[in-house]
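[1] please work out how this folds:
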Amino acid sequence: MLLALVNVGARLERVVLVGVVALAAVNAAPTSETYSFDFSRPTATALNQAGDRLYVLDGNAAVVDVVRMGPPPELEAAFGGAGSGDGQLHMPADLVRDTHGNVVVVDTGNFRLTVFSAAGSFLQNVPLGEERLPESIAVAQDGGLAVLCWNGEQARFEIVTLGDDYRARGSFPVDVSCPSRSAKAMSGVLVADGDGALWVLDLAGCDDDYTLRKYTTDGSPLGSYNHQAGQIPLDAQRGKIVRIVSDLFIADSSVYVILGAGGAETGGLDVDVWSLSGTYGHRARVVGPARPLVHATVGNGKVYLTDELGMKAVIAVSLAAL
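    Modelled structure (predicted):
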């Protein structure tokens, strides 16, 4: 079924909670705000250029919800729908707003990207090949796109690069192997920085460490930086993949790694902060319920977190608090 752009005010369940999460890494401990709609599984978010519309990818419903930021925030429209036809999505995993203002969805189950206008009109599909399962997407400094994919034929991660016209430029492999883990990690995240580099994070980590890998857009390695996530016993990881990190984002010339519930010292949501040169800075501690599947986007001086398996909400925290 294809869901066209419609007013969805009737399906809104808005609850604004203040003080759900306290940040303990700063002198003052500001509170966050949680915006709870009837999402079934909010998987990723992206802001429009003006910062007054938040696009929320609902992975289970296979739709993109449009939230007007208010105040107060309200769900005003949705587009997409489950299926394999034009404008439909199957197991979508990520989304980004590109340099044209379009919303590009990582349509994993259909082995493609699906491009919508900012208003939700279907524009085009971008096939990536049935051997590739796309997982994460980023807008490169030059306006092109980079897509992190799992290549089932080659049994490896690779990054596919496209121009701002969505035409393929090339691809290159990304090594996320772990000597102590027999299974390949099949979950990762990709971001781009303002200096033209691409950063990759294997969400499963290796033992109790995670590694940031940095590349040029043509695949040349620029650096590899690892740090202890910390709190998962090694014997609990043997023979299976455990997500010790949850997401990665870049803002204000810093790289932020969100630790998963297994890696967080508090059992909540800890964030490691790195410089763009690969120097580790500090760990900001967010005290609250464990959230193993959290995804982030940045804008308006805030970090908007989608809580995929917990509260099924959008959580906004101050970027300055990290």
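
[2] hey, let's count contacts and neighbours off CA atoms from now on
    Fine.

[3] quick one: D98 and V294, what's the gap?
    Remark: distance between D98 and V294 (Cα to Cα, to the nearest Å) = 22 Å.

[4] between those two, which one's more packed in?
    V294 (28 against 21; other Cα atoms under 10 Å).

[5] now the more buried one: closest residue in space, sequence neighbours ignored.
    In space, and not counting its chain neighbours, V294 is closest to D307: 5.0 Å by Cα to Cα, 6 or more residues apart in numbering.

[6] tell me where the stretch 101-250 of the chain has helices.
    Along the stretch 101-250 of the chain, counting by DSSP state H, counting those that start in this stretch, helices occupy 234-237.

[7] point out where it drops to low pLDDT.
    181-186, 230-243 (pLDDT under 70).

[8] which stretches in it count as strands?
    Per DSSP state E, counting those that start in this stretch, the stretch 101-250 of the chain carries strands over the ranges 103-107, 112-116, 122-127, 132-139, 145-151, 156-162, 168-174, 188-192, 198-202, 209-215, 221-228, 245-251.

[9] show me what the fifth one pairs with in its sheet, parallel or antiparallel.
    Looking at strand 145-151 with DSSP bridges, its partner strands are strand 132-139 (antiparallel), strand 156-162 (antiparallel).

[10] tilt between it and strand 168-174?
    Put simply, strand 145-151 runs at 50 degrees to strand 168-174, going by axes from the mean of the first three to the mean of the last three Cα atoms, to 10 degrees.

[11] for the residue nearest to V294, give its distance to G59.
    From D307 to G59 the distance is 12 Å (Cα to Cα).

[12] over to A204?
    Counting by Cα to Cα, the gap from A204 to G59 is 21 Å.

[13] more crowded one of the two?
    Comparing A204 with G59 by other Cα under 10 Å, the one with more neighbours is A204, at 26 against 23.

[14] hang on, the earlier thing: overlap in contacts, D307 and G59.
    P42, T43 (Cα atoms under 8 Å, 6 or more residues apart in numbering).

[15] what's the spacing between V257 and S246?
    For V257, the distance to S246 - Cα to Cα - is 8 Å.

[16] which of those two has more residues huddled nearby?
    Neighbours were counted for V257 and for S246 using other Cα under 10 Å; S246 has more, 28 against 22.

[17] which residues touch that one?
    For S246, the contacting residues are L203, V257, I258, L259, G260, P292, L293, V294, H295, by Cα under 8 Å, 6+ apart.

[18] please repeat the previous calculation with a cut-off of 6 Å.
    I258, L259, G260, L293, V294 (Cα atoms under 6 Å, 6 or more residues apart in numbering).
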